[in-house]
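>>> Starting from these lines, generate the structure:
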Amino acid sequence: MKKDLKTRLVKRKIKKPNPLLMTVVRWILGFLNKLYKVKFDYDYNPKSLKGSPTILLASHSSRLEFIYMMYGFKRKDINMVVGYQNVFSKGLYRIFLGLGVIPKYLYQPDVTCIMEMFKVLKRNGALGLFPEGIQSTSGSTHPINPATAQFIKRSKANVVVATSKGAYLATNRYSKDRKKGPISVSYSLLFSPKQLETLSEQEIYQAILQKIKYNDFEFNKVARNKYVGKKSNAYGIDKILYVCPECKKEYSLSVENDTVRCNGCGFSVRVNEYYDLVDSTSSSCPADIDRWYKWQRKLVAKEVLSDNFEMSMNGSLCTLRTDKLKKPPKNRKILSVGHAKLTKNGLSFKGFINGESVDFEFEAKNLYSLTISTKGYLEFYYDNDYFMLVPDNPNQHLIKWTLASEEINTLYNVKWRLACADVYDYDKGETNE
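Numbering: from 1, shown residues only. Next up, the predicted model:
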């Protein structure tokens, strides 16, 4: 019986990247990095790590981070760890396989992936990881699972951390428009195998977090680099900002040219070429976009504590087709069509397929995030499988679903709650700080 694409992907033996394919890919990546004017700097000699087990831990501030990080690392034997759903791309699937990518079920215990990573290191190869798991929503660091430090401790490898500056501003989370502006990537040799022997997992975790931490809006308040594209820097921002800082009304924000405006109270603020928030009509306006987003998170964190908290939408629950590769949306396999509900207990979906009732339950403690996709749906991993929640209304506001699901999960997972507290600034004050 012929195995489906998922089985073949997960069960295959991970090999070194195909040398010829890697050479071609690196040439393409080099061209793109020159086109994007990306600058690289190092606090070590990259050649000194050749032929030794090495782990690259890279920040994930933009959707193009793969292009910057993989090229700048200068190792042709690097096996990148990639989110399972990203590998199932028509036209890229076989290329990813040739590059020896290791698929990962994000936020899930993935024993197969861990075993393959250790095999790569055992043969003195290199691993590329994005410990945040997903691209940053608001231009600053996402939580890093403390289990990363456990893996690093056991790896007995060199550990390099790469952090970008300006990458989010060039390719932000809420628009597909690419901006022209400076991007730099700094590579730092954080640990040697001998250093790992003497450090605790907590010390390793703190060192990684400190080195990889970034905030592109704070960075550009000092750097003063311009980022200009075909669209304004405000375009699409209402996909991640949904609460007016003046009247606190939800889903009342709209964007006109470079200005964000509340349709309820008339509040407005302009986003300039530096991503500054200027010409605000209110003293309650946040200091920057990241601060605005994190303020919304604090509101949601309080809201989900209520036993009556509930969000709902009509739509379809889907997964990826594993029989053949198709371009979106034909790559989706519909599991159920009906009604989704998010509460403190988790996500439930009640619906029908082919005239039969098909219901799903996803417990909150195992549902880390309903991550907003730039393609207009929510995506999540559960029990080592990938799902999409596609709303019937293409204009449905989704970012609160992301924030709420993440904050609900922290009510059940103490370690993850502490990791979130390390980056989300819950203790900060109001929006105008």
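>>> isn't there a helix covering Lys6?
Yes. Counting by DSSP: H, G, I helix; E, B strand; the rest coil, Lys6 is found in a helix.
>>> got the contact list for it?
The neighbourhood of Lys6, defined by CB atoms under 8 Å, 6 or more residues apart in numbering, consists of 320, 322. C-beta coordinates here come from the backbone N, C-alpha and C atoms, glycine included.
>>> okay, it: pLDDT?
pLDDT for Lys6: 78.
>>> And the longest strand seen in the chain, what does it pack against?
Longest strand in the chain by number of residues, with DSSP state E as the criterion: strand 332-343. In terms of contacts (3 or more CB pairs under 8 Å, 6 or more residues apart in numbering; DSSP states H and E), strand 332-343 is packed against strand 311-320, strand 346-353, strand 356-363, strand 386-391, helix 399-410.
>>> can you tell which of those is closest to Arg8?
Closest approach to Arg8 among the helices and strands packed on strand 332-343 (CB to CB): strand 311-320, 13.6 Å.
>>> can I get the CA coordinates of the closest one in CSV?
Taking Å, rounded to 0.1, in the frame of the first residue of the first chain, the C-alpha atoms of strand 311-320 are listed here in CSV:
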residue,chain,number,x,y,z
MET,A,311,-15.8,33.4,21.5
SER,A,312,-17.5,31.8,18.5
MET,A,313,-17.5,31.8,14.7
ASN,A,314,-19.0,29.9,11.8
GLY,A,315,-16.6,28.2,9.5
SER,A,316,-14.8,25.1,8.5
LEU,A,317,-12.3,22.9,10.3
CYS,A,318,-9.6,21.6,7.9
THR,A,319,-6.3,19.8,7.8
LEU,A,320,-3.8,19.4,5.0
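>>> by contact count, what packs against it?
Here strand 311-320 touches strand 332-343, strand 346-353, strand 386-391, helix 399-410, going by 3+ CB pairs under 8 Å, 6+ apart.
>>> just the helices in the stretch 51-200 of the chain please.
With DSSP state H, counting those that start in this stretch, the ranges of helices along the stretch 51-200 of the chain come out as 65-73, 84-87, 93-98, 111-122, 147-155, 167-170, 193-198.
>>> Pull up the gap between Asp425 and Arg291, please.
Separation of Asp425 from Arg291 (CB to CB, to the nearest Å): 8 Å.
>>> err, Gly264, not the other one
For Gly264, the distance to Arg291 equals 21 Å [CB to CB].
>>> Now render the helices of the stretch 51-200 of the chain as CSV, adding mean pLDDT and distance to Val358.
Converted to CSV, the helices of the stretch 51-200 of the chain look like this (pLDDT from 0 to 100; distance: least, CB to CB, whole Å):
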stretch, mean pLDDT, distance to Val358
helix 65-73, 95, 35
helix 84-87, 88, 21
helix 93-98, 92, 28
helix 111-122, 92, 28
helix 147-155, 95, 33
helix 167-170, 98, 39
helix 193-198, 97, 48
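>>> Just put the ones you listed in JSON lines and tack on mean neighbour count and distance to Asn393.
Formatted as JSON lines, these follow (neighbours: other CB atoms under 10 Å; distance: least, CB to CB, whole Å):
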{"stretch": "helix 65-73", "mean neighbour count": "22", "distance to Asn393": "31"}
{"stretch": "helix 84-87", "mean neighbour count": "19", "distance to Asn393": "23"}
{"stretch": "helix 93-98", "mean neighbour count": "15", "distance to Asn393": "31"}
{"stretch": "helix 111-122", "mean neighbour count": "16", "distance to Asn393": "36"}
{"stretch": "helix 147-155", "mean neighbour count": "18", "distance to Asn393": "37"}
{"stretch": "helix 167-170", "mean neighbour count": "28", "distance to Asn393": "28"}
{"stretch": "helix 193-198", "mean neighbour count": "12", "distance to Asn393": "50"}
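>>> Figure out which of the helices and strands packed on strand 311-320 is closest to Pro182.
Among the helices and strands packed on strand 311-320, the nearest to Pro182 by CB to CB is helix 399-410 (27.9 Å).
>>> If you count neighbours, what's buried in that closest one?
For helix 399-410, burial by neighbour count (16 or more other CB atoms under 10 Å) applies to 399-410.
>>> Dump the C-alpha coordinates for stretch 144-156 into CSV.
In CSV, the C-alpha atoms belonging to stretch 144-156 read as follows (Å, rounded to 0.1, in the frame of the first residue of the first chain):
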residue,chain,number,x,y,z
ILE,A,144,10.9,30.3,24.0
ASN,A,145,10.0,26.9,25.4
PRO,A,146,12.2,26.2,28.4
ALA,A,147,12.5,22.6,27.0
THR,A,148,14.8,24.1,24.4
ALA,A,149,17.4,24.5,27.1
GLN,A,150,17.1,20.9,28.0
PHE,A,151,17.8,19.9,24.4
ILE,A,152,20.8,22.3,24.3
LYS,A,153,22.2,20.9,27.5
ARG,A,154,22.1,17.3,26.2
SER,A,155,23.4,18.3,22.7
LYS,A,156,27.1,18.7,23.6
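>>> Can you give the distance of that stretch from its chain's centre?
Its chain's C-alpha centre and that of stretch 144-156 lie 19 Å apart, by CA atoms, centre = their mean, to the nearest Å.
>>> From here on, call the first residue 38.
OK, 38 is where the count begins now, so the last one is stretch 181-193.
>>> Thanks a lot, see you next time.
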